[in-house]
Each structure stands twice: as C-alpha cells, then as structure tokens.
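> Generate coordinates for the sequence data below:
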Amino acid sequence: MDQDSMLTELSGTVDSVIYKNEENGYTVLRLRDGNGETVTVVGCFPYAAQGETMLLSGAWMTHAVHGRQFKAEFAQRLMPTDAPAIYEYLAGGSVKGIGPATASLIVNRFGNQSLDVIENQPEKLAEIKGISLVKAKQIAKSFRQQAGVRRLMEFVCSFGLRPILAMRMYKYYGDEALNLLQANPYILSSQHIGGSFSESDHLAMEMGMDEHSRSRINAAVIFELNHNTGNGHVFIPRDKLAAATGQLIGVPPEEADESITQLADAELIILDDIANVTACYLPELYAAETDAAARLARMARVHFVEDADPERLIRRLEKQQNIHYADLQRRTLQMALDNQILVITGGPGTGKTTSVRAILALFEELGIRTLLTAPTGRAAKRMTELTGQEAATVHRLLGAKFDDDGEKVVFTKNESDRLDCDAVILDECSMVDILLMDALLRAMPDDARLILVGDADQLPSVGPGNVFSAVIRSSVVPTVRLTEIFRQNEGSRIVRNAHLINKGEHPNLSENAGDFFRLRRLEAGGTIDTITELCSVRLPTKMNIPPEEIQVLAPTRKGETGTVNLNKRLQAVLNPPAPDKKEKLFGDAVFRVGDRVMQIKNNYDMLWRSADNLQHGTGVYNGDIGRIIAMDLDSETLTVDFDGRISEYGFDALLELEHAWAMTVHKAQGSEYRAVILCLSSGSQMLMTRDVLYTAVTRAKELLILVGDDGAAYRMIDNFRQSRRFSALRLRLLKLCGR
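Model prediction:
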C-alpha cells in the first residue's frame, strides 16, 4: 500500500457507508466532496451516517486492491443542517425507528429544524400521523444516545484510543460518561470498562497530568492490585507492589511506597503482616479472606452426634442402591455425618460422584435438606444428571446481580437472608475463588453442613486465591483423599493415562486403543486439517458422535493452533454461510445463525426465558455454552439458546460472546464432554504445563484424541510449574485452629 507523505485536508458529505466495525469504529465510506466528486475514505468514524458532513485531515494512499482512497487521521463531524441532507441522514437508517417514509414525514413537517425537534421536542413528532407519543420518545432516546456516544467516541478517538472503551463508558455512565472521563482518565482501566492502564495513563498524560502526580501513582498502585487478582493473587507484598508500580509508570519505588501509605491511611487498601511480609490487599479481598478463614475454622471445630445408627443406615443405602461401598467410601459417609465440613478430593474414576450420591441419599434419609451447587452452568448441569437432584450455579444459588452502579456484584443471599437448607454440597471446588467461597459461606446457616468436592490436581480458580488447595494443605478440615481407581474404570485409558500424567509419568501415546488416541501431526496446517475432518466427517460418520457432542480444546487462544483460529476453521466446515443463514460481522468474527457460542463474562442482568415461555429469569454466566437460533438485522439483535434458557443480545453486547467449537482448557474446567479433541503444539511455558494437560484429559468422558506433536504432551508432563499465588488462607486457618 503506497501512501502520500503529505498531510492534507478533505471535506464533504457522506454519500454511503460501505463497511463499519462496531467493535473498533473502523469505517469505509464514500464521501461527496465540494466538487461533487465521490471518493473512498477509511478511518475511525463510529456511527458514521449518510448525510453528515465531515472535515478530515489525513493522506491519500493507493490500496493494492481497492485503489486510491483517503486515510483520515483526524475527523471533525457535523450533523446535517439543511432539509435535503437531514432527510438523507434519517432515511439512511441512522436513527432507530426512522426509515425513508418516516424521515420524509418528519422533514416535510419540520424542515431544517427536524433534528432539533427529535432531540429536544420529541412530543411534536407525535403530531405526525402514524407516530405515537411512545414511538416519538423512543426515537428521541435513540437519537440522544447516539449523539452522546458519538461525542464520547470522538473524544476518545482524538487521543488515539479504542472506540469500544467509549461504548462501555456510555453503557455504564450514560450522558455523564464524558464528564467523568475528563475528571478521572483512570476510570478507563477499571475492571468494568476493561481498558489497559497504559491507555488510561496515555489519556491522562495527553490531558496534562504530571507524571509524578500523586493521583497518577495512586491509580497505578490500585491498578497493580486489581491486575494481579487476574493472576490469582489475593494480596501483593508491599516491596513487590512498590517495585511493580514504579516499573509500570517509570517512577522510583519510593514514590510508589508513599502512595501505598497514603492509600492505606484512606482505607483504599489494607495492610496486614503475613509471615514477616507486609501484605497489601484490596479491601474486598481482605474482608473475603479473613471472613472465609474464620467461618471455615469455626466449622472445622464442630462435630455432630447423630441419634441414628450410621452403620445400619449405610447398609440400608447399599441395599436400596444395589451397591457395596468400599471401606474408604463408608468412612466418607461416617465423616459426613460426624463433621460440619468435609473435603472429598480425588482424580478421575476414584468414586467422587458415588460418594456424593451416597451422602445425598444419607442426608435425605435423615431429613437433612441439601442444596447442590457448582461454579459453572455446565458443572451444575452435570451434577444434576449424575445425582438426579437439581443443582444450581453458585451465582444463581446466591442470587448474584450487579449493584445499582452496575460495577460490582452483590448477592441477595447473605447474612441477612440465608439459604434455606441444612447442608450444601459444592462440586468442582478447585474452580472457586476466595470471593465466591466467602459469599457462599456468608449465605449458609450457621449450623449447616458443607461438603467440598473436587480434584485438587486440576487447574486452580481463574479468580484470586487457591481455596481448595489451601483448605486441604492446612490439614485443619477433615479430608478424604480417594486414590483407588474403581473396577468399572480400570479399562479406561483416559483414566489410567490421566493418573500417569498427574504423577509425572509418560503414558505410551503410540498405543491407539480403547478410548484414548493420538494422531501425530508436526505441522500446524496438518493439525488443523485433521481436527476439522474429525469434527465434520470422521467422528460423526464412523463413530456416530455428532459435532455438538465433540469439544476441541487447546492450551491457548493465540497463534495458528489457538482457539481463535480453530473456531474460524471449524465454523467454515460445521456452519458454513448459506443464503438462509443471517450473519453479523463483529470485529474479526462473523456471528451466524447456527453457531455454537460461549458467554465469556458473568452478566447478572441478562434476561432469559424458557422455550415454552413458562419460566423467566436473569443471569447468563461465564462459560455458558449456547447456539445462535435467530438474528434480526433490523433490530440489531441475535438470540442464543443456552440449554433451554433463551436470551437476546443486542449487537453492542456481542463482546460478551465468542465461538465455542474450540475453547481453552481453562474455559473447559468443570465440564465433561462425550468426545474431546486436544490440539497440541508449542506454546507459552506458562500454559504448556502438567496441570493444563491433566485438566484437558479429564474433560473427556468416552473418547480423547490428541492431535499434534506428542513431544509437546511429554514436555507438558515434565513442566510441573505451579505458579505461586499470594494468599494467606492456609496460614489464617492454621492460626485460628491453634496449629
């Protein structure tokens, strides 16, 4: 692409919009200049619309395919002022609720004042036949929102930042967004907006903030603490926090340390001495860790004495279920009766599910009302299928929702409104972070029992802490470790190889038999071709496994064999474009009716309904898998069916969805699939680890196929690096229990 070096100016009226990307604001349009000639212009023009006037600064360039075009670096955009241009603007569909016919009625009635009437006197629109007062208000709301978003986007784009940040700002703060951003640029890097610290810092510097400003350093300290929760840390040692902050923004660590003191004095961070280290906490994490530790320690000290004869009850259960419990399982039942809290941990095939079913039956026999829960929707669904009793996600069980500001999660079930139960069984506990564990403990009645179930060798939670491991390692909570592989699982190579991997041993991957196969491919292209063929042809036709029961996993999102590219290739063969399939380009992805998609963040306010419209509720959660069943390009919405819960997304909410034929191993935690295809190639040492491989293998129920370089599998087994997480839960439990 050749570009003229001279920066020049261009002005004109938008004749048509050829392409627009809602995610980043990139737009291709045809501009009619002052001479009446039409030229192609590319640049960042969020919500560009036919009929508006643009004053552009940029350079001419020659594209290899599309020819000569103007690349705009800066843009001043003016709304149309004369009636013909206003008609073009409105008739082009730029304002929801107005098409060509309605645009004609409005402009014929109000002429050059049409846009002013829409924005400031919408009730006058209702004077036009066919426009109700309700519709007039909806039109005005759409126009004002668009105008507000445009102003905010133009401000953000003028500093070279991503337009999507403006969209998120407007979503949370409405018309106040611009004022708030100008007052505090670091709001961009808050968790709910999702900008990087470098973006907010760039804006602050461009707006004239001093690099040694206390506000800047304070914001950097808070950012470092927030950022590191994503790395699993509950706190950061003071010296490390000061050093990391100083490195982030280029100031001496001593200045960062002064900010730590100032923030602690203001109670915006909490300082605590942990094992001769000054630990720096965000207040909510300090409260969660100390409260969870106190509640767990108290429960660990409680022992029950049941009137019923436990041995007689166990024999009756064996007869009812036509099963003979192993000695360790019988001891597990006895411990569940004797203790208020119990941990059950073990690898695949060791009888965790059998133990849970037995405890559930035992509690039912004694009239102990029990709730079942798990961290993800798929884990809860699996728990329901395996036990025959309804299980809910922890978030749904606790009534999670956003607070009034839309920034933080709050739970309706808490100390003031407890769960109505005598016991809770929590499965897949390794996925539970300290905030969620604390919320569950707060909501439980003081005398309720808690059974924590999981595999301690799987990946830890994505959120802060390593709760399940810390509880087990503290040795203060009664714990059962299931190690024996039961007879019905002895023939499974998935189970046997998973245990070998967990012990650091290399299984024989060349032995293709039973339920565990390896297809060796050394080139990325061959790996991808094999995976797409397995999903589209070989497994459906030769093994009668439909594509919807196959899950492709990979350690990473990035690269040729990462999940982003795998999903594009799988979409091409499993749900190709067709005249009867509506689709929407969003960013680099095409969303199409029939696509398998995944929710990638918790949305507690998202409405859902059952297919028969008899049930309604709110909440779609990170990791929920669904299928796009409908799309309306006029109303800019698509509909997703999440296992019978149907939700509607506006196109501006598509950031919360991604394709899910392939997903990372981390995202697959807590789920089980009939067939798993694991894509193996080289990758980051942080991701190519033993626990990632172990977690991937244990997701497969009937069939596991490794595709790629078996050397990568062996390197993962040898890479036993469990990243250290700064958390004091274990130490607090030991101290509270006098150990």
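> quick one, what contacts the closest residue to P460 other than its chain neighbours?
In this structure, P460 finds its nearest non-sequential neighbour in N466, 4.5 Å apart by Cβ to Cβ, 6 or more residues apart in numbering. Yep, even glycine has a C-beta here, placed from its N, CA and C like the rest. Listed by Cβ atoms under 8 Å, 6 or more residues apart in numbering, the contact set of N466 reads G232, P460, R725, S727.
> Just the buried residues out of these, in PyMOL syntax.
One line in PyMOL is enough to select the buried ones among the contacts of N466; burial here means 16 or more other Cβ atoms under 10 Å:
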select buried, resi 232+460+725+727
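> Show me the shaky parts of the stretch 351-500 of the chain.
405-407, 486-490 (pLDDT under 70).
> can you do 90?
351-354, 365, 376-379, 381-382, 386, 400-410, 456-460, 462, 482-492 (pLDDT under 90).
> Quick one: the strands in it, in order.
370-374, 391-393, 400-402, 409-411, 423-426, 449-454, 479-482 (DSSP state E, counting those that start in this stretch).
> Of the ones you listed, which is nearest T695?
Of all the strands of the stretch 351-500 of the chain, it is strand 449-454 that lies closest to T695, at 11.7 Å by Cβ to Cβ.
> What helices and strands are in contact with the closest one?
strand 341-346, helix 352-365, strand 423-426, helix 467-474 (3 or more Cβ pairs under 8 Å, 6 or more residues apart in numbering; DSSP states H and E).
> repeat that with 6 Å
strand 341-346, strand 423-426 (3 or more Cβ pairs under 6 Å, 6 or more residues apart in numbering; DSSP states H and E).
> K408 is nearest to which of those?
Between these, strand 423-426 lies closest to K408; by Cβ to Cβ that is 22.9 Å.
> by contact count, what packs against the closest one?
strand 370-374, strand 449-454.
> For the shortest one, report the contacting residues that lie outside it.
Contact partners of strand 370-374, identified using Cβ atoms under 6 Å, 6 or more residues apart in numbering, comprise 363, 380, 383, 389, 391-392, 394, 397, 421, 423-428.
> Tell me the buried residues in the lengthiest helix in the chain?
Longest helix in the chain, counting residues (DSSP state H): helix 133-158. If you call a residue buried by 16+ other Cβ under 10 Å, then helix 133-158 has these buried ones: 135-136, 138-140, 142-144, 146-157.
> so after it, what's the next helix or strand?
Note on helix 133-158: by DSSP states H and E, the next helix or strand toward the C-terminus is helix 163-173.
> helices or strands next to that next one in the packing?
helix 133-158, helix 177-183.
> mind giving me CSV with these and columns for mean pLDDT?
Shown next, in CSV, are these (pLDDT from 0 to 100):
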stretch, mean pLDDT
helix 133-158, 83
helix 177-183, 90
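> Out of those helices, the one nearest M543 is which?
Across these, closest to M543 is helix 133-158 (Cβ to Cβ), at 50.1 Å.
> thinking again about what came up before, which one of the helices and strands packed on strand 449-454 lies nearest to T698?
strand 341-346 (11.3 Å).
> residues making contact with that closest one?
299-300, 335-336, 352, 355, 450-453, 456, 472, 477-482.
> ok, now stretch 40-51?
Taking Cβ under 6 Å, 6+ apart as the rule, stretch 40-51 contacts 14, 16-17, 25, 27-29, 31, 69-72, 80, 85, 88-89, 92, 94, 146, 150, 153, 157, 163.
> Mind checking which of those are in strands?
V14, S16, V17, T27, V28, L29, L31, Q69, F70, K71, A72 (DSSP state E).
> Just the buried ones among the contacts of strand 341-346, please.
299-300, 335-336, 352, 355, 450-453, 456, 472, 477-480, 482.
> Under the pLDDT cut-off, which ranges of the stretch 501-650 of the chain? List them.
509-514, 522, 585-589, 601-606, 610-619, 621-623, 633-636, 643-644, 650.
> show me where it has strands.
516-520, 550-554, 583-586, 589-592, 596-599, 603-610, 616-620, 625-632, 637-642, 645-650.
> For V692, find the nearest of those.
Closest approach to V692 among those is made by strand 550-554 (9.6 Å; Cβ to Cβ).
> which other helices and strands contact the closest one?
strand 673-680.
> and if we set it to 10 Å?
helix 524-533, helix 563-574, strand 662-664, helix 665-668, strand 673-680, helix 690-697, strand 700-708 (3 or more Cβ pairs under 10 Å, 6 or more residues apart in numbering; DSSP states H and E).
> picking that back up, in JSON lines: the helices and strands packed on helix 163-173, plus distance to Q599.
Output for the helices and strands packed on helix 163-173, formatted as JSON lines (distance: least, Cβ to Cβ, whole Å):
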{"stretch": "helix 133-158", "distance to Q599": "24"}
{"stretch": "helix 177-183", "distance to Q599": "25"}
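> hmm, back to that, for G504, find the nearest of the helices and strands packed on strand 550-554.
helix 690-697 (6.9 Å).
> Restricting to C-alpha, output the closest one in CSV.
The C-alpha trace of helix 690-697 is given here as CSV (Å, rounded to 0.1, in the frame of the first residue of the first chain):
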residue,chain,number,x,y,z
ARG,A,690,1.2,-30.7,33.5
ASP,A,691,-2.0,-29.4,35.2
VAL,A,692,-3.2,-28.0,31.9
LEU,A,693,-2.7,-31.4,30.2
TYR,A,694,-4.2,-33.3,33.2
THR,A,695,-7.3,-31.0,33.2
ALA,A,696,-7.8,-31.4,29.5
VAL,A,697,-7.6,-35.2,29.5
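> Mean neighbour count and distance to D612 for the helices and strands packed on strand 550-554 - can I get that in CSV?
Listed next are these as CSV, based on neighbours: other Cβ atoms under 10 Å; distance: least, Cβ to Cβ, whole Å:
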stretch, mean neighbour count, distance to D612
helix 524-533, 18, 36
helix 563-574, 20, 28
strand 662-664, 23, 29
helix 665-668, 22, 30
strand 673-680, 23, 27
helix 690-697, 24, 36
strand 700-708, 22, 29
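> So which of these is nearest E267?
Comparing the helices and strands packed on strand 550-554 by Cβ to Cβ, helix 665-668 comes nearest, at 33.8 Å.
> What is that closest one packed up against?
strand 550-554, strand 673-680, helix 690-697.
> re the thing from before, which of the ones in strands among the contacts of stretch 40-51 sit farthest apart?
S16 and K71 (18.2 Å).
> These two: which has the busier surroundings?
K71 (17 against 14; other Cβ atoms under 10 Å).
> pretty sure that one contacts M61?
Yes - using Cβ atoms under 10 Å, K71 makes contact with M61 at a distance of 5.3 Å.
> L188 contacts M207, doesn't it?
No - using Cβ under 10 Å, L188 makes no contact with M207, being 11.7 Å away.
> now the contacts of strand 370-374: which count as buried?
363, 380, 383, 391-392, 394, 397, 421, 423-428.
> Alright, I will stop here.
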